[in-house]
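[1] Pasting the sequence and the predicted model now:
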Amino acid sequence: MTDADFLTATRTFYDAVADDYAEHFRDPLAALPLDRAVLTAYAELVGEGGKVADLGCGPGRVTGYLAARGLSVYGLDLSESMLAIARRENPAIRFEQGSMLDLDGHADGSLDGVVSYYSSIHTPVEELPALFAEFHRVLTPGGHLLLAFQAGDEPRRHDRPWGHPVALDFLRRRPETMAGLLTSAGFDVRVRTVREPDPDRGENVRQACLIARKP
């Protein structure tokens with residue numbers, strides 16, 4: 001699969017399911033105190049007023065959460081349908097369409113923080129080094145990356161969600177593998193969290209989060 005193939009597949013999938021997705025995950029952090037704690041700690045590490053990009057922001061719920069904690073954050077996503085929801089729900093926040101693999105609009109070292117909250121899960125493994133190199137490039141020295149993903153080895157294919165005629169693979173990763181890739185990209189991995197799945201939320205695998213700093 002080429003870059004254009006997986007980006008097109010991801011965009012098509014989320015354009016189709018955006019309204020149902022946003023309704024189903026209306027308040028995704030409400031019942032997840034540990035996840036909220038990680039995001040709050042991340043906001044404190046970046047510092048009030050820090051310039052942050054929420055890459056693969058979807059309907060903007062995490063973007064809004066971080067903005068409420070004092071960060072100067074904007075959202076980027078492939079899906080215009082997702083962005084329409086994000087803009088409607090967060091009119092004070094800037095949202096743009098684009099790919100997190102191509103951040104040419106950002107100069108080297110121009111951001112204090114980068115967030116990839118379950119948004120690298122559609123990126124083929126062979127593209128991860130380039131993705132993390134791009135994250136590293138746009139961060140200022142001392143800037144922080146937050147990377148969240150499902151832990152595991154086997155992908156899960158979502159086929160015809162909510163009856164829509166689309167399908168997409170959700171890729172799972174080993175935390176140690178992701179940490180190694182971040183280290184190879186020049187990051188200093190500072191925090192690793194892995195929590196058990198919450199069956200009440202339909203989770204069946206562990207949820208992982210890494211916070212890494214650009215030296």
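    Cool, the structure landed.
[2] in stretch 179-194, what counts as buried?
    Within stretch 179-194, the residues scored as buried using 16 or more other CB atoms under 10 Å are 179, 181-182, 185, 187, 189, 193. Heads up, the C-betas are built off the backbone N, CA and C, glycines and all.
[3] Alpha carbons of it, in CSV - could you do that?
    Coordinates of each C-alpha in stretch 179-194 appear next as CSV, following Å, rounded to 0.1, in the frame of the first residue of the first chain:
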residue,chain,number,x,y,z
ALA,A,179,9.7,3.5,22.4
GLY,A,180,12.6,2.2,20.4
LEU,A,181,11.4,3.9,17.3
LEU,A,182,11.1,7.2,19.2
THR,A,183,14.6,6.8,20.6
SER,A,184,15.9,6.1,17.1
ALA,A,185,14.2,9.4,15.9
GLY,A,186,16.1,11.3,18.5
PHE,A,187,13.6,11.4,21.4
ASP,A,188,14.2,10.8,25.1
VAL,A,189,11.2,8.7,26.2
ARG,A,190,10.3,10.0,29.7
VAL,A,191,7.0,8.3,30.5
ARG,A,192,5.4,5.0,29.6
THR,A,193,1.9,4.0,30.8
VAL,A,194,0.0,0.9,30.0
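[4] Adjacent strands (with direction) for the longest strand along the chain?
    When the chain is scanned for its longest strand (criterion: DSSP state E), the result is strand 139-150. Partners of strand 139-150 in the sheet, by DSSP bridges, are strand 111-117 (parallel), strand 207-213 (antiparallel).
[5] excluding its backbone neighbours, what's nearest Leu139?
    Nearest residue to Leu139, sequence neighbours excluded (CB to CB, 6 or more residues apart in numbering): Lys214, at 4.4 Å.
[6] Contact partners for that neighbour?
    With contact set as CB atoms under 8 Å, 6 or more residues apart in numbering, Lys214 has these partners: 136, 139-145, 186-188.
[7] The strands paired with strand 139-150: which one's closest to Ser72?
    Of all these, strand 111-117 sits nearest to Ser72, with 8.3 Å by CB to CB.
[8] If we go by neighbour counts, what in the closest one is buried?
    Of the residues in strand 111-117, those buried (16+ other CB under 10 Å) are 111-117.
[9] What of stretch 122-137?
    By 16+ other CB under 10 Å, the buried positions in stretch 122-137 come out as 122-123, 127-128, 131-132, 134-137.
[10] Pipe these into JSON lines and attach pLDDT per row.
    Shown next, in JSON lines, are the buried residues of stretch 122-137 (pLDDT from 0 to 100):
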{"residue": "His122", "pLDDT": "96"}
{"residue": "Thr123", "pLDDT": "96"}
{"residue": "Glu127", "pLDDT": "96"}
{"residue": "Leu128", "pLDDT": "97"}
{"residue": "Leu131", "pLDDT": "98"}
{"residue": "Phe132", "pLDDT": "98"}
{"residue": "Glu134", "pLDDT": "98"}
{"residue": "Phe135", "pLDDT": "98"}
{"residue": "His136", "pLDDT": "98"}
{"residue": "Arg137", "pLDDT": "98"}
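[11] which one of the contacts of Lys214 is nearest Arg26?
    Nearest to Arg26, judged by CB to CB, of those is Leu145 at 27.1 Å.
[12] Which residues are in contact with that closest one?
    113-116, 135-136, 139, 182, 187, 210-214.
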